[in-house]
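Asks: Task: produce atomic coordinates for the following.
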Amino acid sequence: MAKYKTIAVVYGSDSSEWEVACRSGEFTASRIDGDSYDVYEIFARFGRWQLVAYKKKDAMRVPLPEGSRPEIDKTDFSVNVLGEKVKFDYVYIMQHGAPGESGQFQGYLEMLGIPFSSCSSSASAIAFDKYACKSYIRDLGIVNCAPDAFIHKGSDVEEFAARVAGKLKFPVFVKPTIGGSSFGVSMVKDPSGLATAVKYAFSEGPTVLVEQGIEGRELTCAAYRSGGVVHTLPIIEIITENEYFDYDAKYNGRSREVCPAEVSAEDTALVQGTTAKIYENLDCSGVVRMDYILAKDGLYFLEVNTIPGMTSASLVPKMVRTAGMDMTDFLSDIIENG
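Replies: Below you'll find the predicted structure:
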């Protein structure tokens, strides 16, 4: 018998990734076992949380048109549907970006005592900020980290750019420390373009990370916890037609994703072992994806994705399929045993 009865899948977000989050949330909701759970889909953006569809056990999905979508009662995270008050006893969070990936939404659920699919509020907050997370990972001493520089909005960008030009080898990658899907990210080949790229990255957040580019193969691996044991999924190598894995490469078909990656058994063990160690040291929950560059001098950490994409074409579902698992069974395992 299922541990939970009523699952809320929350998608949308307050970030530039909100549309991608909707696609991930709709796919996830469609794959949750409809024989075991009532599934309610909630669109949440800028403080307005609305029920957009629901599917009772063994019944058809009922979409709700705009203008007749009930608001979520935030005092106890419930909703009134046709005169019936529905309280959710588990939440599957599919918000890319804040507040669902930043730890804010997790903190709200923790205060209400409602279990959820992703990392805790504290682990999410660390992983969400690329500089904070990289600093945490670097101190663990389990994987290489590229040389970098960090700047707050309001600092002298020109002075920072001159300092970086003397410190890092080009090309460099300029990225906001929060957010994903490559929004605000630039590859800079020459110091003359650095200040402009930093200002562009500030459009997505108040802090910016500049990382020295590492030449190598881009690999990604996901881990999840089941029954107290951390498991890793097959590795994917991302081969892009563009200069790097930018938004166009990710979502417009300009990349090839090889799963399982054609790497040696030794490198496979290195990537999967490192992924499991990061997962455990960050005290992660749910399915979490780690990105790397495999260079000639070793494995380099890029970032942690605590709520990775979950559309039919996303990386984690591809890993699950390659592992020979059914997506519905996989999600049930996350919900029941994560």
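Asks: Kindly state the pLDDT recorded for the closest residue to Asp283 other than its chain neighbours?
Replies: With CB to CB, 6 or more residues apart in numbering as the measure, Ala123 is the residue that lies nearest to Asp283, at 5.3 Å, once sequence neighbours are left out. Quick note: C-beta positions are derived from backbone N, CA and C, even for glycine. According to the per-residue confidence, Ala123 scores 97 in pLDDT.
Asks: now swap in Tyr4 and tell me
Replies: The confidence metric pLDDT takes the value 95 at Tyr4.
Asks: just Asp246 next, same as before
Replies: In this prediction, Asp246 carries a pLDDT score of 45.
Asks: Break the protein down into its structural domains.
Replies: Structurally, the chain divides into domains by automatic domain parsing as follows: 6-117, 126-144+215-337, 147-212.
Asks: Where does the residue nearest to Asp283 fall, secondary structure wise?
Replies: helix 121-128 (DSSP states H and E).
Asks: Starting from that helix, tell me the next helix or strand along the chain.
Replies: Next in sequence after helix 121-128, counting helices and strands by DSSP H and E, comes helix 130-140.
Asks: Other residues contacting that next one?
Replies: Outside of helix 130-140, the residues within contact range by CB atoms under 8 Å, 6 or more residues apart in numbering are 125-127, 143, 145, 148, 150, 175-178, 207, 209, 277-278, 281-282, 301, 303-304.
Asks: So which of these belong to helices?
Replies: Judged by DSSP state H, helices contain the following of the contacts of helix 130-140: Ala125, Ile126, Ala127, Lys277, Ile278, Asn281.
Asks: quick one: contacts for Ile307?
Replies: Contacts were defined as CB under 8 Å, 6+ apart; by that measure Ile307 touches Ile93, Met94, Gln95, His96, Gly100, Glu101, Ser118, Gly286.
Asks: How about the third one: what's its closest non-neighbour residue?
Replies: Excluding its sequence neighbours, the residue lying closest to Gln95 (CB to CB, 6+ apart) is Ser13, at 4.2 Å.
Asks: Who are the contact partners of the one you found?
Replies: Per CB under 8 Å, 6+ apart, neighbours of Ser13: Ala21, Ala44, Arg45, Gln95, His96, Gly97, Ala98, Pro99, Gly100, Glu101.
Asks: now do Gly103
Replies: Contacts were defined as CB under 8 Å, 6+ apart; by that measure Gly103 touches Cys119, Ser120, Ser121, Ser122, Ala123, Ser124, Ala125, Phe128.
Asks: Next: Gly107.
Replies: Going by CB under 8 Å, 6+ apart, Gly107 touches Ser121.
Asks: What angle do helix 121-128 and the helix or strand where it lies make with each other?
Replies: Counting by DSSP H and E, the element that carries Gly107 is helix 104-112. Counting by axes from the mean of the first three to the mean of the last three CA atoms, to 10 degrees, helix 104-112 points 170 degrees away from the direction of helix 121-128.
Asks: so how many other residues sit close to the closest residue to Tyr90 other than its chain neighbours?
Replies: Nearest-residue entry for Tyr90: Tyr4, 4.1 Å, with adjacent residues in sequence omitted and distances by CB to CB, 6+ apart. Burial of Tyr4, expressed as a neighbour count using other CB atoms under 10 Å, amounts to 15.
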